[in-house]
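[1] Build me a model from this:
(one chain, ligands or ions: 1)
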Amino acid sequence: MPQLFDSYPLSGHTLANRTVMAPMTRARSPSHVPDEMVATYYRQRASAGLIVTEGVPVSPAAHGVLYVPGIYTPEQVAGWRKVTEAVHAEGGVIFAQLWHVGRASHASLQADGQAPVSSTSQASDKIMVFALDAEGKPGFIPATPPRAMTTAEVQQTVQDFAQAAANAIEAGFDGIEIHSANGYLLEQFLNPVVNDRTDQYGADTMENRCRFVLEIVDAVIDRIGAQRTGIRFSPWGNFNDMPAYDETAQTYLYLAGEMANREVAYVHLMDQHVGQGRPDASGINLDYLQLMRAAYPRGALILAGNMTLDTGNRLLEAGVLDLVGFGQPFISNPDLVERLRNGWPLATPNRKTYYGGGAEGYTDYPAYDPAAAS
Ligand SMILES: Cc1cc2nc3c(=O)[nH]c(=O)nc-3n(C[C@H](O)[C@H](O)[C@H](O)COP(=O)(O)O)c2cc1C
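    Numbering: from 1, shown residues only. This is a model prediction of the structure:
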């Protein structure tokens, strides 16, 4: 029976354990280039089996949060190289999460002050964006109404993901995760209520609304190989005002099957409703995880969302997961794996320092010191 502290083979590496540090935007790069402090943050957390970085915009138009580092200029690639070298020096494995926010953006975050682009021109007044407010201070403000991408722009964006994946490998990453979760651009195509297109990426059939995601996956595989390609989905998620629809279960099982056909390294699910695979939960319950497992039998299946040692081990033992994602616990516990292994207490993260600012609440969380505690 696999357990959280067992190793796992992924993409030609042996992960030291089955924890995954889930991707977390921390907005500590005002110049959009990751620096030494960012490298320190990831190095401190390198005992995770696998680190997935914060969401990294694939192009200037992909930005939707202040102070986020991209991966489309030589300076950014050089900055990320510091991060990958720091993590590798500690024996860690690190994937970059490639991101395009679509309509979850604000004109002030776009290079030319233009409207953000999406699958649609439908605006949502419920999407809030971390940007400069009317007084010029960082804070959450409503998103700018989007402009629907032309078909040519959709295809250019596929190429932007492929180029960003190649840049990530140049920067020393072990692989990349395509961000197809949390109501961002890729989900704006997958969701048949938001997607109102009439071209081959339209919502008239499941195949058409999944086409953009699958073209990105194929273009990325073409550049860096399937073994270095992972993807994240959030079935039943409503973050960024994603409306519910009937074919959710079916859509993600179809995508999981397509990921199996392509032999990608992993499928990473985020459970926003934190059913945690419980049999009685709606959405991502044990039955659904079993269906996912059957649709995607060979690569690594990951689930994140309020995971604990016990929940993670239960799902590993049930054979429905291979790796267990932890988000917020890694913010305040750089040595999370050692703490879980020894039953040491976990520190609580300070939500006020999640986004923006400097070292406070970022690189200043200490490792647990059992001598000091006794
Ligand atoms: C500060 C913060 C930033 C996040 N940024 C991202 C992100 O960039 N990409 C992403 O896919 N998920 C992001 N998430 C979601 C996490 O990856 C994770 O799925 C979520 O926090 C649930 O796991 P947890 O309960 O262990 O924290 C973020 C979460 C937090 C708390």
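[2] Before we go further, residue 139 is sitting in a helix, right?
    No. Counting by DSSP: H, G, I helix; E, B strand; the rest coil, residue 139 falls outside a helix, being strand.
[3] from memory it sits against residue 129, does it?
    No. Using C-beta atoms under 8 Å, residue 139 makes no contact with residue 129, being 9.7 Å away. From N, CA and C alone the C-beta is placed, and that goes for glycine too.
[4] between the two, which one's more packed in?
    Comparing residue 139 with residue 129 by other C-beta atoms under 10 Å, the one with more neighbours is residue 129, at 23 against 16.
[5] secondary structure class for the more buried one?
    Secondary structure state of residue 129, per three-state DSSP, is strand.
[6] Test for you: state the pLDDT assigned to the nearest residue to residue 332 once chain neighbours are set aside.
    Nearest non-adjacent residue to residue 332, counting by C-beta to C-beta, 6 or more residues apart in numbering: residue 349, 3.8 Å away. Per-residue pLDDT puts residue 349 at 98.
[7] now residue 111
    85.
[8] what residues are up against it?
    60-61 (C-beta atoms under 8 Å, 6 or more residues apart in numbering).
[9] do you know how far it is from residue 32?
    Counting by C-beta to C-beta, to the nearest Å, the gap from residue 111 to residue 32 is 11 Å.
[10] Same check on residue 232?
    As defined by C-beta to C-beta, residue 232 lies at a distance of 22 Å from residue 32.
[11] Show me which of those two is the more surrounded one.
    Of the pair residue 232 and residue 32, residue 232 is the one with more neighbours under other C-beta under 10 Å, namely 27 against 20.
[12] How about the residues of the protein by the ligand?
    With C-beta under 6 Å from any ligand atom as the criterion, the chain meets the ligand at residues 22-25, 54-55, 97, 179, 181-182, 232, 270, 304-307, 326-329, 354.
[13] Going through these, which ones are buried?
    The neighbour count (16 or more other C-beta atoms under 10 Å) marks 22-25, 54-55, 97, 179, 181-182, 232, 270, 304-305, 307, 326-327, 329, 354 as buried among these.
[14] give me phi/psi at the residue of the chain found nearest the ligand?
    Of all residues in the chain, the one sitting closest to the ligand is residue 327 (2.7 Å; C-beta to the nearest ligand atom). Note on residue 327: its backbone torsions stand at phi -100, psi -90 [degrees, to the nearest 10].
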